[in-house]
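*Asks:* When you get a sec, could you give me coordinates for this:
(chains A and B)
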Protein chains: 2
Amino acid sequence: MHYNLALIGFGNVARSLARLLIRKQDLLKSKHDVTFSFTGISTGRHGFAVNPKGLDIQKALELAESGKSISPLSTFQVDDSLAVIQHSSANVMFENSPVNTQTGQPALDHIRMGLDLGMHAITANKGPVVHGYRELTALAESKGKTFRFESAVLGGAPVFSVMREAFPLAELESFKGILNATTNVILSRMESGETYEQALKYAQSIGLAETDPTNDVDGWDAAIKVAALVTVLWDTPMTPQQVNPTGIRGITSEMIAKAKADGKRYKLVCSAEKVDGKINVSVSPQLVDASSSLYGMMNSSTGVTFRTDVVLDYSIVLSEKPGMTGGPAETAYGLFADFANIVK
Amino acid sequence: MHYNLALIGFGNVARSLARLLIRKQDLLKSKHDVTFSFTGISTGRHGFAVNPKGLDIQKALELAESGKSISPLSTFQVDDSLAVIQHSSANVMFENSPVNTQTGQPALDHIRMGLDLGMHAITANKGPVVHGYRELTALAESKGKTFRFESAVLGGAPVFSVMREAFPLAELESFKGILNATTNVILSRMESGETYEQALKYAQSIGLAETDPTNDVDGWDAAIKVAALVTVLWDTPMTPQQVNPTGIRGITSEMIAKAKADGKRYKLVCSAEKVDGKINVSVSPQLVDASSSLYGMMNSSTGVTFRTDVVLDYSIVLSEKPGMTGGPAETAYGLFADFANIVK
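*Replies:* Predicted coordinates for the structure are as follows:
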């Protein structure tokens, strides 16, 4: 089976995905008899290209990464993402364009159009999950297609697929975890004696925190991840506003030093619990001691513990390994895994 | 779709499974339109029963648990497990009879016959995985059926299904973990000042360690789990003998006190690594410090960290939750999950 792929958004994540697909193409062929070509690419600043017979992906990567337009690769004129989707003849659309997390746009419109045209839709964006999970899942089902978003939480490491495939008919009672790496790095480094400003600067220097760190340090990134988990795992719509997070700006060096002296640590704890059909959620800095599974999660480690009706508390923890510190390459794997699971 | 189920082995795990299936029967019906009945039961000391139209499972549970024979429930004469399998008209066989871990028998013969007769085969036994994974998987495939064993490692918590379903086309480089709860409880309690004998007695009192603790404390239970993971995840046959474990009997209270003073702990560490196509494995007590993900895993917590080519180090950790301490009920969920994934 041959798949035409459209890349809507061609930033770090999408380009990592393209490279990963190329690296794994022999495995896809040998294990699942699957081949693919890229038939549509939409970029923010480097133009748009469509070729239903297959674009030269290496050339597209080179052009975009040297700041040039990919438009010369196109076999006919396309001027925006919707036109790329429409004319790409794609079977699978990867939606990774910059998203407004308050509205889920323009990802929502892209995914709607892709599904309407009979494509599978895969995204790393949290926005369309939080703002469109039910609608997009129903639309996909009505077309016999799939809407997937493994990379939306914990980078590209499996969380949604674990709960979906490995916990069949289990009842989720609660979850608790650390879902934002930036704040965990900042709190870890403040414990080692750095000021908030120094720790933030470090997180920015390794590409983890953005220039404007508001989204991370005020808890909004964690909140949208909690909202996405609640929305999907309990099939109950929830917005980041409903999560109403408290960030880490109020945590001073003095508070951290005092906690350390008491054998405790501040963590930006994300939690959700279903009690009598009602879901209570929280994102806020909390003191944890060594008996907590969150205590040992330092620096950029993230993770989540799921409590179900069927097994002991089940934690998934991601931690640094030599040669990989998270980021686009890892996020790309979640997209790839969604693709591999759809086509296998 | 209606499934006839055969329970080969009717001990704590199989009886927990029967109760879990009954508890989840409405979900199976509503989500997957699946119904089931029990058409064959084979016990070690309470006889054998077959009824292709469905046995009274509540009655069977009562009889077995009050020490009586289930044979009166049978619609015709069956005298051993193979006869139960043969006459059960089952679509799915759950193999949970006592197994010889050195040979995988009689589980291997049971599963062979079940698959030959066109049944799916599901087991919590490690023996048939270590001694028959390739053969049984190939036999199942040739019949269009499935051989599953989620409960063989980490109780019934998902491990195999996570690697199979949630890490598609990823390359496993290594794994490392604590796979035996008994030894972890003993080492944890020795750190709190108990002697080996006191700690062992405690582990026995909570039903974790057996009267003869050899299998746990000498590392054989951990070794067969390592062998099962290697056999399946790398599709490379390995026996517990090849793992050649070192147990915890050589770890004295003095060694543990010295380690504690240095901020370290002894853990029975299970590890495997694939280097240049060769798999190196180890089960032995090792000193770990607070920087290790194993350091915080105390008492009956178990877990494993997988290193792959695609994401950061990915750990699965199981820890106690209120009202559940592992054991048969949890193992039963792994069997149930295998069933649910087959029939969904």
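*Asks:* ok, which stretches of the stretch 101-250 of chain A are helices?
*Replies:* Applying DSSP state H, counting those that start in this stretch to the stretch 101-250 of chain A gives helices spanning A:107-116, A:127-142, A:160-161, A:181-191, A:196-205, A:214-217, A:220-233, A:240-243.
*Asks:* nearest to chain B, of those helices?
*Replies:* helix A:160-161 (4.2 Å; C-beta to the nearest C-beta). In short, each C-beta sits where N, CA and C put it, glycine included.
*Asks:* Just checking that closest one against chain B, any contact.
*Replies:* Yes: shown here: helix A:160-161 in contact with chain B (C-beta under 8 Å from any C-beta of the partner chain) through residue A:161.
*Asks:* okay, residue A:255: pLDDT?
*Replies:* The model reports residue A:255 with a pLDDT of 97.
*Asks:* ok, back up a step: may I see the helices of the stretch 101-250 of chain A organised as JSON lines, with distance to residue B:188 added?
*Replies:* Shown next, in JSON lines, are those (distance: least, C-beta to C-beta, whole Å):
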{"stretch": "helix A:107-116", "distance to residue B:188": "48"}
{"stretch": "helix A:127-142", "distance to residue B:188": "40"}
{"stretch": "helix A:160-161", "distance to residue B:188": "33"}
{"stretch": "helix A:181-191", "distance to residue B:188": "26"}
{"stretch": "helix A:196-205", "distance to residue B:188": "34"}
{"stretch": "helix A:214-217", "distance to residue B:188": "36"}
{"stretch": "helix A:220-233", "distance to residue B:188": "31"}
{"stretch": "helix A:240-243", "distance to residue B:188": "36"}
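*Asks:* Make a markdown table from the ones you listed and add distance to residue B:281, mean pLDDT and mean neighbour count to it.
*Replies:* Below are the helices of the stretch 101-250 of chain A laid out as a markdown table (distance: least, C-beta to C-beta, whole Å; pLDDT from 0 to 100; neighbours: other C-beta atoms under 10 Å in any protein chain shown):
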| stretch | distance to residue B:281 | mean pLDDT | mean neighbour count |
| --- | --- | --- | --- |
| helix A:107-116 | 45 | 98 | 23 |
| helix A:127-142 | 40 | 98 | 20 |
| helix A:160-161 | 28 | 98 | 22 |
| helix A:181-191 | 32 | 97 | 24 |
| helix A:196-205 | 38 | 96 | 16 |
| helix A:214-217 | 40 | 96 | 19 |
| helix A:220-233 | 36 | 98 | 25 |
| helix A:240-243 | 44 | 96 | 18 |
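*Asks:* among these, which is nearest residue A:27?
*Replies:* Among those, the nearest to residue A:27 by C-beta to C-beta is helix A:160-161 (18.1 Å).
*Asks:* For the closest one, which outside residues touch it?
*Replies:* Applying C-beta atoms under 8 Å, 6 or more residues apart in numbering or on different chains, the external contacts of helix A:160-161 come out as A:148-150, A:152-153, A:232-233, A:337-338, A:341, B:165-166.
*Asks:* Around chain B, pick out the residues from the stretch 101-250 of chain A.
*Replies:* Selection of the stretch 101-250 of chain A residues close to chain B by C-beta under 8 Å from any C-beta yields A:155-158, A:161-162, A:165-170.
*Asks:* which one of those has the most neighbours?
*Replies:* Neighbour count (other C-beta atoms under 10 Å in any protein chain shown) singles out residue A:156 as the most crowded of these, with 31 neighbours.
*Asks:* close enough to count as contact, that one and residue A:337?
*Replies:* Yes: using C-beta atoms under 8 Å, residue A:156 is in contact with residue A:337, at 7.0 Å.
*Asks:* Spell out which residues are contacts of both of the two.
*Replies:* residue A:150.
*Asks:* Am I right that residue A:222 is in contact with residue A:283?
*Replies:* Yes: using C-beta under 8 Å, residue A:222 is in contact with residue A:283, at 4.7 Å.
*Asks:* could you redo the contacts of helix A:160-161 as a markdown table and give each row distance to residue A:315?
*Replies:* As requested, these are arranged in a markdown table below (distance: C-beta to C-beta, whole Å):
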| residue | distance to residue A:315 |
| --- | --- |
| A:148 | 23 |
| A:149 | 21 |
| A:150 | 18 |
| A:152 | 19 |
| A:153 | 14 |
| A:232 | 19 |
| A:233 | 15 |
| A:337 | 20 |
| A:338 | 23 |
| A:341 | 23 |
| B:165 | 18 |
| B:166 | 15 |
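*Asks:* wait, which of these is closest to residue B:3?
*Replies:* residue B:165 (21.3 Å).
*Asks:* contacting residues around the residue nearest to the closest one when sequence neighbours are not counted?
*Replies:* Closest residue to residue B:165 apart from its sequence neighbours, by C-beta to C-beta, 6 or more residues apart in numbering or on different chains: residue A:165 at 3.9 Å. Applying C-beta under 8 Å, 6+ apart, we find residue A:165 in contact with B:161, B:165-166, B:341.
*Asks:* And the pLDDT for residue A:165?
*Replies:* Looking at residue A:165, its pLDDT stands at 95.
*Asks:* likewise the one 5 residues further on?
*Replies:* Here, the pLDDT recorded for residue A:170 equals 98.
*Asks:* okay but residue A:184 is in contact with residue A:296, surely?
*Replies:* No: in this structure, residue A:184 is not within contact of residue A:296 by C-beta under 8 Å, at 11.6 Å.
*Asks:* Does residue A:51 touch residue A:74 like I think?
*Replies:* Yes: counting by C-beta under 8 Å, residue A:51 touches residue A:74, with 6.5 Å between them.
*Asks:* which stretches of chain A form strands?
*Replies:* Assigned by DSSP state E, the strands in chain A fall at A:2-8, A:35-42, A:48-50, A:92-95, A:120-123, A:147-148, A:172-178, A:264-275, A:278-289, A:302-308, A:313-319.
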